[in-house]
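Novice: Got a sequence here, can you build the structure:
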Amino acid sequence: MRNRKAQLLLTVFCFALGLLLVIQYRTQQAARTRLEGISAADKAVIISNLVAANAQLREEISSLETQIQSLAASGRTPLEELVDELNRMKIINGLVEVSGPGVEVRIEGEVNALDLQDLINELRNAGAEAIAINEQRVAVSSMVTSDSSGGLSINGVPIEPPFVLQAIGSPQTMQTALLRAGGLIAVFEHSYPDLSITVQQRGKLVLPIYARPLSFRYATAIEQRISQ
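Specialist: Numbers count the residues shown, from 1 in each chain. Just a heads-up that it's a prediction; the model follows:
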């Protein structure tokens with residue numbers, strides 16, 4: 001399979017190289033035609049531009065060769081790399097259900113919106129790759145809010161105690177970060193004497209999809225040339 005991919009990449013490279021050579025030949029033919037009847041100074045400028053264009057063409061050919069060698073050695077195609085990147089973006093934005101090891105934090109008692117938001121940020125800082133609270137996926141735009149009566153909600157969905165936060169990542173790293181002396185949970189326990197908080201490692205957690213659709217009213221993507 002790897003040899004077939006390498007052969008395909010070599011075929012594409014040869015086609016691109018042949019196309020570039022044809023373009024270069026036609027450009028040179030056109031340049032010769034334009035050179036007739038113009039001054040020596042103008043000829044010098046045109047020739048200088050052709051030399052620069054040829055140098056740039058050689059650089060692009062060298063870059064293509066390097067990319068082909070790299071892809072052939074790794075056995076991966078640009079499409080596979082793009083698919084992996086797309087999947088990472090889906091996980092970050094909560095667009096897919098995810099599973100993996102992590103920790104489960106259970107809070108019995110009343111806390112405010114800022115406390116829960118701080119706990120979410122603490123999990124992120126400890127390396128959490130995906131988070132959910134009371135079965136609501138925490139996306140980039142998610143925020144814990146409170147209403148006039150003190151009720152809490154996230155993603156526009158009301159949540160009530162007990163608050164159960166599930167985070168996928170390194171269980172040991174996250175548990176250590178949360179339970180360290182002087183850490184956030186220690187602050188909670190000092191501020192709320194009647195509060196009960198437990199942190200448990202889990203071998204497998206399954207987090208739901210972010211329920212609210214993502215929409216952009218003002219932001220648009222800027223197309224950029226990706227250089228290797």
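Novice: Am I right that Glu104 sits in a helix?
Specialist: No: going by DSSP: H, G, I helix; E, B strand; the rest coil, the assignment for Glu104 is strand, not a helix.
Novice: That one contacts Val164, correct?
Specialist: Yes: applying CB atoms under 8 Å, one finds Glu104 in contact with Val164, separated by 6.5 Å. No exception for glycine: its C-beta is placed from N, CA and C like everyone else's.
Novice: what helix or strand does the closest residue to Asp147 other than its chain neighbours sit in?
Specialist: The shortest distance from Asp147 to any non-neighbouring residue, by CB to CB, 6 or more residues apart in numbering, is to Ser153 (7.2 Å). Take DSSP states H and E as the rule and Ser153 turns out to sit in strand 152-154.
Novice: pLDDT of the helix or strand following that strand, averaged?
Specialist: Downstream of strand 152-154, the first helix or strand assigned by DSSP H and E is strand 157-159. For strand 157-159, mean pLDDT is 93.
Novice: Spell out the residue ranges of the strands in this protein.
Specialist: Assigned by DSSP state E, the strands in the chain fall at 98-108, 130-133, 136-138, 144-146, 152-154, 157-159, 163-168, 196-207.
Novice: Could you export these as a markdown table, including distance to Gln56 and mean neighbour count?
Specialist: Below are the strands of the chain laid out as a markdown table (distance: least, CB to CB, whole Å; neighbours: other CB atoms under 10 Å):
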| stretch | distance to Gln56 | mean neighbour count |
| --- | --- | --- |
| strand 98-108 | 44 | 19 |
| strand 130-133 | 44 | 24 |
| strand 136-138 | 47 | 24 |
| strand 144-146 | 53 | 17 |
| strand 152-154 | 53 | 20 |
| strand 157-159 | 55 | 14 |
| strand 163-168 | 46 | 23 |
| strand 196-207 | 49 | 14 |
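Novice: for those, which one sits closest to Leu178?
Specialist: Leu178 lies closest to strand 196-207 among the strands of the chain, at 5.2 Å (CB to CB).
Novice: Dump the C-alpha coordinates for the closest one into PDB.
Specialist: Backbone C-alpha positions of strand 196-207 (Å, rounded to 0.1, in the frame of the first residue of the first chain) are rendered in PDB as follows:
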ATOM      1  CA  SER A 196     -18.800  17.800  49.800                       C
ATOM      2  CA  ILE A 197     -16.400  17.300  46.800                       C
ATOM      3  CA  THR A 198     -15.000  14.000  45.500                       C
ATOM      4  CA  VAL A 199     -12.500  13.500  42.700                       C
ATOM      5  CA  GLN A 200     -12.200  10.000  41.200                       C
ATOM      6  CA  GLN A 201     -10.200   8.600  38.400                       C
ATOM      7  CA  ARG A 202     -12.200   6.900  35.600                       C
ATOM      8  CA  GLY A 203     -10.800   4.400  33.100                       C
ATOM      9  CA  LYS A 204     -13.400   5.400  30.500                       C
ATOM     10  CA  LEU A 205     -15.700   8.300  30.200                       C
ATOM     11  CA  VAL A 206     -18.200   9.100  27.400                       C
ATOM     12  CA  LEU A 207     -19.000  12.800  26.900                       C
END
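Novice: what's the angle from it to strand 163-168?
Specialist: Angle, strand 196-207 to strand 163-168, by axes from the mean of the first three to the mean of the last three CA atoms, to 10 degrees: 50 degrees.
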